[in-house]
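[1] give me a 3D structure for the following:
(chains A and B)
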2 protein chains.
Amino acid sequence: MREVSIIGIGQTSVDEHWNKSLRELAGEAIFAALFDAGINSIDGIFVGNMMSAMLSKQDSLGIFINDWLGMPGLEAIKIEAACGSGAAALRAGIMAVSSGEMDYVVVAGVEKMTESLPIETTEALATAADADYEAAQGLSFVALNALIMRRYLHEYGWNHTHFAPFSINAHANALKNPYARLHEAISESDYNRARMIADPINLLDASPTGDGAAALVLSPLSSSTANHKKRVKIIGSASSTDSIAVHSREKLLWLSAAENSAKKAYSQAGITPEMIDLFEVHDAFSIMSALSLEACGFAQPGQAPRLALDGEIFPDGSLPITTLGGLKARGHPVGATGIYQIVEVVQQLRGEAGPAQILTANIGMAQNIGGSGATIITHILSNDRLP
Amino acid sequence: MREVSIIGIGQTSVDEHWNKSLRELAGEAIFAALFDAGINSIDGIFVGNMMSAMLSKQDSLGIFINDWLGMPGLEAIKIEAACGSGAAALRAGIMAVSSGEMDYVVVAGVEKMTESLPIETTEALATAADADYEAAQGLSFVALNALIMRRYLHEYGWNHTHFAPFSINAHANALKNPYARLHEAISESDYNRARMIADPINLLDASPTGDGAAALVLSPLSSSTANHKKRVKIIGSASSTDSIAVHSREKLLWLSAAENSAKKAYSQAGITPEMIDLFEVHDAFSIMSALSLEACGFAQPGQAPRLALDGEIFPDGSLPITTLGGLKARGHPVGATGIYQIVEVVQQLRGEAGPAQILTANIGMAQNIGGSGATIITHILSNDRLP
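    Prediction:
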């Protein structure tokens, strides 16, 4: 099995892109990634997307985007795993390269969410939950997360305000990211006073939707390329799953798929959690940051808010998270999010994160979640500066 | 890169399954495939599906089905490439095994189309076309194929009635397949008198929708398994693409993606087209059978109707096609179709096709098409009876 590296990255800003279609957004990110990699010929393309059929009446996104790129003939498919579609597409791309089927592969994530009515977007997002046993009962996606957060507060004795650092950190970091959706610092009192969405989740616990695309170029680690020095290695890649319906889980407050995929990725990478220099968590809601940190071994069960309150998750802390804004402030164009996370880790590992740069960034982790913890995919990357 | 074999198959009938949900259908096919393979533990699951988000309000089908199987923790994703979703999922499954990432993999295709209003199904099918330049102009999927067939009749001088053998053969073969949607022999005069759908495509040129699921179990060829003797080898697997919009193609009547993927698959298998004993074509419309036969080298351009009129496509001809009914009569539950085709080739190569058995079945080919020729995936399988 061949090792795989990332040799190019590209992204659009996350925004309301009224003047750009789904294919234009994807093309912009992919051309940027190809330019960054210094190549103009690839063997295949894997597209992560969740909602284009429902919101843009366009499916078959693999060929749709491939066609737009002007690269007929390539193998091109779409991968879907709800909000984990981006990282799931990366998994497929990695397997295509590691198997030897392909050498140079583009993996892209794209989503266009802001042209639809909010009710349409909410309905499309709800297809990630169990249609028969959750969505049909009126449980929206935010409502499911609210049930989980309510239980967490009850079980571990925290107050809502103790989650403020997650959102404050994300918003502060996004100020340094030109591609982020929200450029607005928030204070603890802003957080406490924000409009309630689904008790106890308020507006500043929730990530914003958005239009956006991000892309990667993969190659075998052994390939010599023009951009050799910018190469980042994929040293861990693992996916795990849990029940789709939240009520079926053995432990409501434990992301077993996060634990399993992280453990597998640590083992592949030959590292312990302490060696991770930064962690792009899937903070679709602040409760998810806490659960993810705990399941991945960075905090004891029920203790992630302590890590946040102690400032360890900030850029100068022991485990910086959401270093370029996270889902909360960079924005969450769902099928693209998993690729944005990887692009951002690569920016950090290359030392190209600008004012958001984490100084000791040699090993970075990203975790992408589909559903309320149903599909969880963990990637660990490293640069060539490691001994 | 490890070679891959198919060690288990399963399928439901294609029908109006009012009493079975999407997960029950998929589960039925997958459990049958696992039972057939004689194993109860797998490493991952790849699901081909096109329309569940639009028609059943359920996305995230990988974990959705994995959950239903009672196999939490497995990597599980959905692959979509319109009507080519089934074979695209198989491609992903093959890469997972050939890369060494996984040993035992389930690849399933499932689609539930008959609970929706016809207009909803038509709209969902149209997402395989170009939303901006085709669907938005009112071009339904059958209308696109009608334009192609009209041009074919004009260009090559055939009459509509010359396509009758494709449908007659499919319907006759489906009589011998208990899983087929239609069990009704048709005559040339039935074909000629059928209700017009989109001129020149009439009802007996078009495949019926349906609910159904089919599944495969893959393993490395080198694995020793209980069902060793039933093992079928995947000796060719290739995917190619063309423009999504039909008007962008250089040649309207030439499926370049079929030619490219077939040539690549022949080369991988080390065979010539003459060595193929049976061919499961993607006869969503009878015109597609003709174009596919020509692009794959079985007939000169414009001459596929001659092959059919000469009886060569019938079970006792030189190249039997749609041996268990094809899309036309087995039925076309779109995301499942590519897997049904593979299941049927395996039945033939194992000698388990019952009254539909092709006597000299040692090498079989299946071709699955997404869109009007946009994504075309070719698989070639062989049994162990080859010298």
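
[2] count the neighbours of whichever residue of the stretch 201-350 of chain A sits closest to chain B for me.
    Nearest residue of the stretch 201-350 of chain A to chain B: A:Ser239, at 4.1 Å (Cβ to the nearest Cβ). The way it works is simple: take the backbone N, C-alpha and C, and place the C-beta from them, glycine included. By other Cβ atoms under 10 Å in any protein chain shown, the residues close to A:Ser239 number 31.

[3] mean confidence score for the helix or strand hosting A:Asp36?
    Taking DSSP states H and E as the definition, A:Asp36 sits inside helix A:22-37. Across helix A:22-37, pLDDT averages out at 97.

[4] is the residue of the stretch 201-350 of chain A closest to chain B in a helix, a strand, or coil?
    Here A:Ser239 is recorded as strand under DSSP: H, G, I helix; E, B strand; the rest coil.

[5] spit out the contact partners of it.
    Contacts for A:Ser239 (Cβ atoms under 8 Å, 6 or more residues apart in numbering or on different chains) come out as A:Ala87, A:Ala88, A:Arg91, A:Ser261, A:Thr375, A:Ile376, A:Ile377, A:Thr378, B:Glu75, B:Ala76, B:Ile77.

[6] strands of chain A, start to end?
    For chain A, the strands defined by DSSP state E occupy A:4-11, A:44-48, A:75-80, A:105-111, A:196-198, A:201-202, A:212-220, A:232-241, A:278-280, A:363-370, A:375-382.

[7] quick one, what contacts A:Met288?
    A:Asn145, A:Val281, A:His282, A:Ile369, A:Gly373.

[8] pull out the buried positions in the least confident helix or strand in chain A by mean pLDDT.
    Lowest by mean pLDDT, DSSP states H and E among the helices and strands of chain A is helix A:118-126, with a mean of 92. The neighbour-count check on helix A:118-126 (16 or more other Cβ atoms under 10 Å in any protein chain shown) flags A:Thr121, A:Glu123, A:Ala124, A:Leu125, A:Ala126 as buried.

[9] quick one: contacts for the last one?
    Counting by Cβ under 8 Å, 6+ apart, A:Ala126 touches A:Glu134, A:Ala135, A:Leu139, A:Ser140, A:Phe141, B:Lys57.

[10] report the separation between the residue lying closest to A:Gly86 once chain neighbours are set aside and A:His379.
    In this structure, A:Gly86 finds its nearest non-sequential neighbour in A:Gly338, 2.4 Å apart by Cβ to Cβ, 6 or more residues apart in numbering or on different chains. A:Gly338 is 9 Å from A:His379, where distance means Cβ to Cβ, to the nearest Å.

[11] in the sheet, who's paired with A:Ser382?
    Under DSSP bridges, the beta-bridge partners of A:Ser382 are A:Lys233, A:Ile363.

[12] any idea how many residues pack against it?
    22.

[13] contacts only, for it.
    Per Cβ under 8 Å, 6+ apart, neighbours of A:Ser382: A:Val232, A:Lys233, A:Ile235, A:Ala269, A:Leu349, A:Asn362, A:Ile363, A:Gly364.

[14] how many other residues sit next to A:Gly354?
    Other residues close to A:Gly354 by other Cβ under 10 Å number 11.

[15] which non-adjacent residue is nearest it?
    A:Lys176 (6.4 Å).

[16] alright, I will stop here.
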